[in-house]
Every structure is written in C-alpha cells, then in structure tokens.
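K.L.:
Build me a model from this:
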Amino acid sequence: MKWSLKKVLFFGLLVGLIVAVWQWRAILSFYMDFSVRRVTKSLPKCDRIEIFHLTGNEPDGLIAVDASNGFPIRPYNNYARIRGQTTLAGVDATAFASLWRAQTFGRNYQALCHQPAYGFRYYSGSKLIYETSICFKCSNFYYPIFGDAGWHGFDTESTKAKEYLAKLQELFPDSVPLSKADARPSESLIASMKRAKDSVKAGDLAGGTLQQREILRDTLAGIDP
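P.N.:
From the prediction side, this is the model:
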C-alpha cells in the first residue's frame, strides 16, 4: 500500500504528539536546562557588562520604583532601586563573564525568595545578550524562558561564588555588610534607646494600643547597648 505525502506527515505528527504527551516532563526539563545553560555555562562572548548595585535586599527595596530609576526584576514584574552603577569593558568584561560561567548552577541551590543586591546586563557590541539580577542570600537569579523569566539557583558557598561576590564588593564597597562593631549604634542613639528603655521600665509609655505598647516593650527589653 502506497502512502501519500499527507498520510506520512499526518502519521509523523501523530507520533510526535504522542511522544510529547508521554514525555512532556522530560522535554520541559530539557528545555529549561537548555535555556539556563545558554546564559550561564554557555554564555556568549561579552565585551561590555553593566553592573548595578540594587536595594532589593533592603526594606521596601522593590517599592515605588519604575523603569526610569530602577532595575527590572522580571519574574516579579517589578523594579529594584539602583544605588550605584559601573561598567566593565574589554578584558575586564571577559574575565568577569568567565567567572560567571565558572559558577556551580542547579535548581536545588535556590531558596523561595529573591532580594537582589546586584543587577547585570551583558553585551556583545551594542547587542544585549543577557539581563539578570542576583541574590546571594537566596542563591538565585532569573533567566529568560517562554518569553518571560524564571528562577534558577547557584552554589553561593563555592570558592568561585565567593570570588565573584568579592569582585562585586570591590566594585561597590558600600555593598559589603557591616561588621558587628561597625553596625553598633552611635552613642547618641544608644543614649536615646536607654531613655526609651527606662521609660518602659517605669511604665511611662503613652499612646498606641495595648498590643503595640507590649510589642515595643518587648523590643526595647532586648536592647543591652
């Protein structure tokens, strides 16, 4: 029996659909891995990288900001405030991109949050290759997929990740977390907090609901400057 071209195409399409339904999880996983790899291990050559210090790791860091003064956090359809910006070019950009490719990537590393301190735009000439934000606390970043963006993780405890973070903190010294000594309140603030604590002990705390006063009392009770 001779098969017409239409029958062959129809049969091939039918087999393809059956395989797709049967193996959709494996196909989806393959596509997600492919999408991640092309902006991580297989990131194309870059000759310019714009790096941003963001406020995503601060209270209200993703609030009241738009495209005019913020960096896009695309999975959230929101923006983080930009505190600082710098650009690497030439060999510096090449070395930084190589350090990104050298990270250890995997879905299992990430947490279910994203409070980015840094944003990135990788360029080849005038072409934007990749844009993302990174959260070292949550061990994740976003990547383009299905015309939108998804999350993926990386090992922030690895030697390469620590080297990567050190480079970012070198570029933005004010992004380095304060030590306990440096974070100690000023003497005037300590004196003010002591007075507030003494007022609480004396019961001289007016205003607010009973619950609010109890919360403030508990908070101040833990202060021992």
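K.L.:
before we move on, which element is Glu163 in?
P.N.:
helix 159-171 (DSSP states H and E).
K.L.:
now what about the lengthiest strand in the chain, what contacts it?
P.N.:
For the chain, the strand that runs over the most residues, judged by DSSP state E, is strand 78-89. Around strand 78-89, the neighbours that count as contacts under C-beta atoms under 8 Å, 6 or more residues apart in numbering are 47-56, 61-62, 65-67, 69-73, 96, 116, 119, 133, 171-172, 174-175. Heads up, the C-betas are built off the backbone N, CA and C, glycines and all.
K.L.:
Same question for it: list its buried residues.
P.N.:
Neighbour counts using 16 or more other C-beta atoms under 10 Å place Tyr79, Ala80, Arg81, Leu88 of strand 78-89 among the buried residues.
K.L.:
how close does the first one sit to Phe172?
P.N.:
Spelled out, that is Tyr79. Applying C-beta to C-beta, to the nearest Å, the value for Tyr79 to Phe172 is 18 Å.
K.L.:
mind listing what the closest residue to Leu165 other than its chain neighbours touches?
P.N.:
Take Leu165 and drop its neighbours on the chain: the residue closest to it by C-beta to C-beta, 6 or more residues apart in numbering is Phe136, 5.9 Å away. Applying C-beta under 8 Å, 6+ apart, one finds that Phe136 lies in contact with Ala117, Thr156, Ala161, Leu165.
K.L.:
Report the two of the residues you listed separated the most.
P.N.:
Using C-beta to C-beta, the pair of the contacts of Phe136 lying farthest apart is Ala117 and Ala161, separated by 13.5 Å.
K.L.:
higher neighbour count, these two?
P.N.:
Ala117 (25 against 20; other C-beta atoms under 10 Å).
K.L.:
From Ser158, how far off is the residue lying closest to Leu99 once chain neighbours are set aside?
P.N.:
Leaving out its chain neighbours, the residue that sits closest to Leu99 by C-beta to C-beta, 6+ apart is Tyr164, at 5.3 Å. Counting by C-beta to C-beta, the gap from Tyr164 to Ser158 is 9 Å.
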